[in-house]
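Participant: Kindly return the folded structure for what I paste below:
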Amino acid sequence: MTASSTPKRSTDVAEVAEIPQVVRPYGDQTGDGMVQVSFTLPLPHDKRAEGAALQLAGKMGIEPALLVHAKPIGDGFTFFVVYGSVKHLVEPGLVEVVEREFPLLSGKEINTAIKRHLRRKLVVVGACIGTDAHTVGIDAILNIKGFAGEKGLEYHREVKVVNLGAQVLIPDLVERARAEKADAVLVSQVVTQRDAHIHNTTAMSAAFREAFPAGKVPLLVVGGPRFEEGSAATLGVDRIFGRGTTPGEVASYLVHALVAPRASAGQSKGA
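Facilitator: Reported below is the predicted structural model:
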């Protein structure tokens, strides 16, 4: 399955000219390189543990390092916050970003495009898969109440939403998508311990490819705070959305991916 977006570097001269060539972290004054990091060590809280925390900070390049917080968080574990200066420079112009490849549409534009070119409701099935019970993200996108002042996909009269909720088994998701004749499957993954979101996503994409004929697989979209947006192709899905994504962005993408191609084909035939 080919990802619909890939990381790319901007080539706009005016845009690049506005970005500093190098920057350093800012703490007390510009360019002082001050950073604050937090971490946990599997050590009981004592002077040795504090020394170990400062040793780790030094190996990370934080020098001099100041231990500003240390607190036991259970039997044999201590949480630390360290503040200090680093000498590393950052080159913003070399940062790769995923550019949005589709326009943001209004609710009226979304409904009109689906009705005119799809000529039926666009069917979306959503779920949290595996052991993930965090439905806040998927609900924010699907439920009518929405997120960040935008209504969810349920608000659009030309979109049929089937929200399966939390801890959905992958075979059940595949079967429900087949039963609903889903155009798109939206999956939210918040639990990321031991790369659970990666394993679940690759297993899901493999299951859909096995269950559906080539070219008939629903659009697979995943979202969560720990996904790398440029890794869609590697995970076998069509699009990844990260932290802060709004329902309007998702709805606009669905129109772009599922409706706009049909609209373009119809215009070509008409021409």
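Participant: Thought Q36 was touching V81, still the case?
Facilitator: Yes: proximity of V81 to Q36 meets the contact threshold set by CB atoms under 8 Å, at 6.5 Å. The way it works is simple: take the backbone N, C-alpha and C, and place the C-beta from them, glycine included.
Participant: Give the intersection of the neighbour lists for these two.
Facilitator: Here V81 and Q36 have V68 as joint contacts, going by CB atoms under 8 Å, 6 or more residues apart in numbering.
Participant: In the chain, what helix or strand scores lowest on average pLDDT?
Facilitator: Of all the helices and strands that make up the chain, the one with the lowest confidence by mean pLDDT, DSSP states H and E is helix 13-17; it has a mean of 46.
Participant: which SS class is A140?
Facilitator: Classification of A140 into helix, strand or coil gives helix, according to DSSP: H, G, I helix; E, B strand; the rest coil.
Participant: what number of residues lie near it?
Facilitator: 20 (other CB atoms under 10 Å).
Participant: close enough to count as contact, it and L153?
Facilitator: No: counting by CB under 8 Å, L153 is not a contact partner of A140; they are 10.4 Å apart.
Participant: about what we covered before: for the record, mean pLDDT for the helix or strand following the least confident helix or strand of the chain?
Facilitator: Read in the C-terminal direction, the helix or strand following helix 13-17 is strand 34-41, with elements assigned using DSSP states H and E. Strand 34-41 shows an average pLDDT of 97 in the prediction.
Participant: CA-only coordinates of strand 34-41, as PDB, when you get a sec.
Facilitator: These are the backbone C-alpha positions of strand 34-41, laid out as PDB (Å, rounded to 0.1, in the frame of the first residue of the first chain):
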ATOM      1  CA  MET A  34      20.000  25.500  28.600                       C
ATOM      2  CA  VAL A  35      17.700  22.500  28.600                       C
ATOM      3  CA  GLN A  36      15.600  20.600  31.200                       C
ATOM      4  CA  VAL A  37      15.200  16.900  31.100                       C
ATOM      5  CA  SER A  38      13.300  14.300  33.200                       C
ATOM      6  CA  PHE A  39      13.900  10.600  33.600                       C
ATOM      7  CA  THR A  40      13.600   7.700  36.000                       C
ATOM      8  CA  LEU A  41      16.300   5.500  37.300                       C
END
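Participant: what about the strands in this structure?
Facilitator: Read by DSSP state E, the chain holds these strands, from start to end of the chain: 34-41, 65-72, 78-85, 122-128, 159-163, 184-188, 219-223, 239-241.
Participant: export the ones you listed to JSON lines and tack on mean neighbour count?
Facilitator: As requested, those are exported to JSON lines (neighbours: other CB atoms under 10 Å):
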{"stretch": "strand 34-41", "mean neighbour count": "15"}
{"stretch": "strand 65-72", "mean neighbour count": "14"}
{"stretch": "strand 78-85", "mean neighbour count": "19"}
{"stretch": "strand 122-128", "mean neighbour count": "26"}
{"stretch": "strand 159-163", "mean neighbour count": "19"}
{"stretch": "strand 184-188", "mean neighbour count": "26"}
{"stretch": "strand 219-223", "mean neighbour count": "23"}
{"stretch": "strand 239-241", "mean neighbour count": "24"}
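Participant: quick one, which of those strands is nearest to K108?
Facilitator: Taking CB to CB as the measure, these were each checked against K108, and strand 159-163 came out nearest at 13.2 Å.
Participant: where are the low-confidence patches of this protein?
Facilitator: Low-confidence regions of the chain, defined by pLDDT under 70, span residues 1-17, 261-271.
Participant: counting residues per helix, which one in it is longest?
Facilitator: Across the chain, the longest stretch assigned as helix under DSSP state H is helix 196-211.
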